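A.B. asks: Sequence and predicted model, in that order:
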Amino acid sequence: MKRVLPLLSLLLAAGCAHDPIVDMQGVNRQQYQQDLMECKQYAAQVNTAGEAAKRGAIGAAVGGILGAIVGDHRTAQKVGGVGAVSGAAHGTERAEHRKERVIINCLKGRGYKVLG
């Protein structure tokens, strides 16, 4: 588990929503920056750490059960650790994707043409 925590921290730090690509033709850049900042504030409400922890716990439980079925308690611990890291990574990825969707939907709702 001691090796899992630094990796989980790295995953959480690495996951940052990217700014979307917006067609800026005819757009007031100051207003866009203000709107983007407000949309990012909405996206910040997505609980990345909570999602990672939830998925990590599920992965650890499933991995531990599978490890116990195919081996002894050491196998269960190892497979549970792998499941925890994998689950946390999936949870982080899922939360960051949700943040990006929030930003895109927010900008579209404000009339911007979001390209990607």
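C.D. replies: Cool, the structure landed.

A.B. asks: What are the buried residues along stretch 56-67?
C.D. replies: Within stretch 56-67, the residues that qualify as buried are 56, 58-60, 62-64, 66-67, counting by 16 or more other Cβ atoms under 10 Å. (Glycine included, C-beta is placed from N, CA and C.)

A.B. asks: again with stretch 22-34
C.D. replies: Val22.

A.B. asks: Looking at the buried residues of stretch 56-67, which are in helices?
C.D. replies: 56, 58-60, 62-64, 66-67 (DSSP state H).

A.B. asks: Name the next helix or strand following the helix or strand bottoming out on mean pLDDT in the chain along the chain.
C.D. replies: The weakest-scoring helix or strand in the chain, judged by mean pLDDT, DSSP states H and E, is helix 4-14 (a mean of 51). Next helix or strand after helix 4-14 toward the C-terminus (DSSP states H and E): helix 29-43.

A.B. asks: Please enumerate residues in contact with that following helix?
C.D. replies: 17, 19, 22, 24, 99-100, 102-103, 106-107, 110, 112 (Cβ atoms under 8 Å, 6 or more residues apart in numbering).

A.B. asks: coming back round to it: mind putting the buried residues of stretch 56-67 in TSV, pLDDT and distance to Val46 included?
C.D. replies: Output for the buried residues of stretch 56-67, formatted as TSV (pLDDT from 0 to 100; distance: Cβ to Cβ, whole Å):
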residue	pLDDT	distance to Val46
Gly56	87	17
Ile58	87	18
Gly59	83	20
Ala60	85	22
Val62	83	24
Gly63	82	26
Gly64	83	28
Leu66	80	30
Gly67	81	31
